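Q: Need coordinates for the following:
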Amino acid sequence: MGTDTDLFLRQQIIDTAQALGENGLSPGLSGNVSARVSDGLLITPSAMAYDALLPEDIVFVRGDGTVPNGQRKPSTETPFHGAIFAAFPEASAVVHCHSPKATALACLRKPIPAFHYMVAMAGGDDIRVADYHTPGTDELAAAAVLALDGRKACLLANHGQVAFGASLEEACALALEVETLAAMYLDALAAGAPKILTSAEMSDVSALFKTYRQP
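A: The predicted structure follows:
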């Protein structure tokens, strides 16, 4: 099993995956969770129910994408988790889920604009939609990285959403925020044309968020 630190991180990944399910973000067996480690990443296994996971089920993937013998099969979305860690040094954890409202917008290929100031939590003036590619492919990984440029979350066309953070807790919280924003945006669209905040207004919010969280 490795060190106590390794065991703790594996359990944190399980706790985060279960929190996604408890918050309605990952129906069925959908979604996956990973954390960066010094020599690769740890990720949830493919096609296993979150409530059945044990620390030894969490899969270690080397930096080159290979998996040591004797482990479970890693999530099929391992390529984009690895690509995000490679592209964004500030990312320590990645959460992917098929949360219903965000997925609805992803299927419409409709980004979330600055209709609400909390969009800034994702790192910019909008939450983009990555181009569609077959799940589990390098092409999807590249599209996700492109959509995440300057952002911490994006939608994946006809698929779901992905969010990263400096910790598993932060990544999970952002995924929940994206789902909340997606639900509000869909409601706003149903009622009319929501007013979009300007870049200057969003810049003010971004500056505020730099001191938003308690240490």
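Q: residue boundaries of the helices in the chain?
A: Using DSSP state H, the helices of the chain run over residues 4-22, 78-87, 100-108, 138-147, 168-191, 199-209.
Q: So for I43, which of the ones you listed sits nearest?
A: Taking CB to CB, helix 78-87 is the member of these nearest to I43, at 5.8 Å. In short, each C-beta sits where N, CA and C put it, glycine included.
Q: still on that earlier bit, as a markdown table, the helices of the chain with distance to H116 and mean pLDDT would be great.
A: Converted to a markdown table, the helices of the chain look like this (distance: least, CB to CB, whole Å; pLDDT from 0 to 100):
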| stretch | distance to H116 | mean pLDDT |
| --- | --- | --- |
| helix 4-22 | 22 | 93 |
| helix 78-87 | 25 | 98 |
| helix 100-108 | 14 | 98 |
| helix 138-147 | 20 | 98 |
| helix 168-191 | 6 | 98 |
| helix 199-209 | 10 | 92 |
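Q: Next, work out how far apart L7 and E56 are.
A: 9 Å (CB to CB, to the nearest Å).
Q: between the helices of the chain, which gets nearest to R128?
A: Of all the helices of the chain, it is helix 138-147 that lies closest to R128, at 4.3 Å by CB to CB.
Q: Render the CA-only coordinates of that closest one in PDB, please.
A: What follows is helix 138-147, C-alpha atoms only, in PDB (Å, rounded to 0.1, in the frame of the first residue of the first chain):
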ATOM      1  CA  ASP A 138      -5.400  11.900 -26.600                       C
ATOM      2  CA  GLU A 139      -7.500  14.200 -28.900                       C
ATOM      3  CA  LEU A 140     -10.000  14.800 -26.000                       C
ATOM      4  CA  ALA A 141      -7.100  15.400 -23.600                       C
ATOM      5  CA  ALA A 142      -5.700  18.100 -26.000                       C
ATOM      6  CA  ALA A 143      -9.100  19.700 -26.400                       C
ATOM      7  CA  ALA A 144      -9.600  19.800 -22.600                       C
ATOM      8  CA  VAL A 145      -6.200  21.400 -22.000                       C
ATOM      9  CA  LEU A 146      -7.000  24.000 -24.700                       C
ATOM     10  CA  ALA A 147     -10.400  24.900 -23.100                       C
END
